[in-house]
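K.L.:
no FASTA, just this:
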C-alpha cells in the first residue's frame, strides 16, 4: 500500500469520525430536551464517571494512548454541555430576565471569572467597590465599565457581591445595604455559615431580594457549563425563577438547594476533599525529603492528577482555609478523618 492509498484511508476514517460526532451531538440535543422536560440538571457526574471508565477500558483494548483518549472525551463532554445549555436557552429564552445590567462589587479572581463569563454571554457588566481605581483596573481587563459604588448599585438590577468574608465581618456590606433596595442581590461565598442569616436580615430591613449563590468551580476553571448552587432566602423566593434563568443564560448550570443542604454537602465536597488533598500535598513534600526521592520520576497517572489538583488548590489556599474554619460541619469532618484513618490502619494490622 503506497502513501497515497494510506492517506486516502486516513481521510475516510476522519470523515467517519466527524460523521459520528455529528450523530452524537444530535443525540445530545435529545438528551437536553429530555432533561428540560423532566427538570433534570445539565451536569450528570455519575454519567461522566461511567464514561471515563468505559473510555479508559476502550483505550487499553485498542492500544490508544490514555492521555489522548482523556483529552478527546474532555472536549466532547465540554461541547456536549455547551450544546445542552444552548438548547435550554433557545427553548426558555433570555429576553424576559429581570434586568440585564449587572454590578459586580469586588475585584477578586472569582468575581473576574464570573464577570468575563457574563460579558461573553451578552450582558452589560459594571465593576465597582470601595476602591474605584482597583475597579477601573479590573474593568479594563474585562473590557467593561467601572462606576462609583453608590451609582453602580442604583443603576443595576442584579448585584453580585464578589467580596471576601472580611468585607462582611468588618461591616462593609452593612454600609451599602441601604443602596440595594429593590435589587436582586447575590453573594458568591463558599461557606455561608457566618453571613447567610445576616444578609437575609439586611434584606428584610432594606427590602432587597437576597439569593445566595456558590459557583462550584475555581477561577482557573473555565466557567461555561459549570454548576452554581442557588440558595434562596426568605426574601429571594419570589425572584428565584429569575435568578435561575439568569445563570442559565449566562451559561452555567444552576442547582437550587436549601442553606442546610448546601452546608452539609460542602462539608463533604469541599471540607473533606480539600483536607485530604492538603494532607496528600504535605505528605508528598515531607516524605520526599525524608526518603530522598523524587516521586515524579516514577509517578503514575493518578499521582500526577492528584499533584496537579494540589497545585491548583494551593493557589487559593486562603479560600481553602476559610472554608475549613467556617463550615459548621468541619469539626465533624475532621474527627471523621481521624476515625477512618485509624480504622484503615488497624485493618492493615498496624497501630497508631
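P.N.:
Structure received. Since the model is a prediction, treat every value here as computed from it, not as a measurement. Residues are numbered from 1 along each chain as shown.
K.L.:
okay, now residue 207: neighbour count?
P.N.:
14 (other CB atoms under 10 Å). Heads up, the C-betas are built off the backbone N, CA and C, glycines and all.
K.L.:
now do the contacts for it.
P.N.:
Residues counted as contacts of residue 207 (CB atoms under 8 Å, 6 or more residues apart in numbering) are 181, 182, 235.
K.L.:
now do residue 248 against residue 124, distance only.
P.N.:
Look at residue 248 and residue 124: by CB to CB, to the nearest Å, they are 18 Å apart.
K.L.:
when those two are compared, which one has more neighbours?
P.N.:
Neighbour count, other CB under 10 Å: between residue 248 and residue 124, residue 248 has more, with 19 against 14.
K.L.:
wait, that one sits on residue 85?
P.N.:
Yes. The criterion here is CB atoms under 8 Å, and residue 248 meets it with residue 85 at 6.9 Å.
K.L.:
now the helix or strand containing residue 18: mean pLDDT?
P.N.:
Using DSSP states H and E, residue 18 maps to helix 3-37. Averaged over helix 3-37, pLDDT sits at 88.
K.L.:
quick one: list the elements packing against the least confident helix or strand in the chain by mean pLDDT.
P.N.:
One helix or strand of the chain scores below all others by mean pLDDT, DSSP states H and E: helix 66-92, with a mean of 80. Secondary structure elements in contact with helix 66-92, counted by 3 or more CB pairs under 8 Å, 6 or more residues apart in numbering; DSSP states H and E, are helix 3-37, helix 45-62, helix 240-250.
K.L.:
can you tell me the SS state at the residue most central in space within the chain?
P.N.:
In the chain, the C-alpha nearest the mean C-alpha coordinate belongs to residue 217, at 2.2 Å (CA atoms, centre = their mean). Three-state assignment for residue 217 (DSSP: H, G, I helix; E, B strand; the rest coil): coil.
K.L.:
can you check residue 349 too?
P.N.:
Secondary structure, three-state DSSP: residue 349 is coil.
K.L.:
what's the burial count for it?
P.N.:
Quick note: residue 349 (other CB under 10 Å) scores 6 neighbours.
K.L.:
how about residue 197?
P.N.:
Count around residue 197 with other CB under 10 Å applied: 12.
K.L.:
list the contacts for it?
P.N.:
Residue 197 neighbours (CB under 8 Å, 6+ apart): none.
K.L.:
quick check: residue 304 vs residue 295, distance?
P.N.:
For residue 304 relative to residue 295 (CB to CB), the value is 10 Å.
K.L.:
to clarify, my last question referred to residue 274.
P.N.:
21 Å.
K.L.:
next one: residue 168
P.N.:
Applying CB to CB to residue 168 and residue 295 gives a distance of 41 Å.
K.L.:
neighbour count for those two, which is higher?
P.N.:
residue 168 (18 against 14).
K.L.:
quickly find the element holding that one.
P.N.:
With DSSP H and E as the criterion, residue 168 is inside helix 165-169.
K.L.:
element containing residue 127, please.
P.N.:
Here residue 127 is assigned to strand 124-128, by DSSP H and E.
K.L.:
next, the buried residues of that strand.
P.N.:
125, 126, 127, 128 (16 or more other CB atoms under 10 Å).
K.L.:
residues contacting the spatially closest residue to residue 143 that is not a sequence neighbour?
P.N.:
Once flanking residues are discounted, residue 143 sits nearest to residue 119: 6.7 Å by CB to CB, 6 or more residues apart in numbering. By CB under 8 Å, 6+ apart, the contact list for residue 119 reads 125, 142, 143, 144.
K.L.:
look up how far residue 188 lies from residue 119.
P.N.:
Taken as CB to CB, the span from residue 119 to residue 188 is 16 Å.
K.L.:
can you check residue 63 too?
P.N.:
45 Å.
K.L.:
more neighbours: which of those two?
P.N.:
The neighbour count for residue 63 versus residue 188, taken as other CB under 10 Å, is higher for residue 188 (21 against 6).
K.L.:
output the below-cut-off pLDDT ranges for the protein.
P.N.:
Scanning the chain with the threshold set as pLDDT under 70 gives 88-99.
K.L.:
at 80 what do you get?
P.N.:
The model of the chain has pLDDT under 80 over residues 1, 36-43, 85-100, 350-352.
K.L.:
can you give me the domain assignment for it?
P.N.:
Domains of the chain are assigned by automatic domain parsing as 3-92, 101-257, 262-347.
K.L.:
looking at those domains, which is buried most?
P.N.:
Most buried of the domains of the chain, by mean neighbour count (mean count of other CB atoms under 10 Å): domain 101-257, with a mean of 19.
K.L.:
so how far does that domain reach from one end to the other?
P.N.:
End-to-end distance for domain 101-257, by CA to CA, to the nearest Å: 26 Å.
K.L.:
kindly report the same for stretch 143-153.
P.N.:
19 Å.
K.L.:
show residues contacting it.
P.N.:
103, 105, 115, 119, 124-130, 132, 135-136, 138-139, 155, 159, 176, 179-180, 183.
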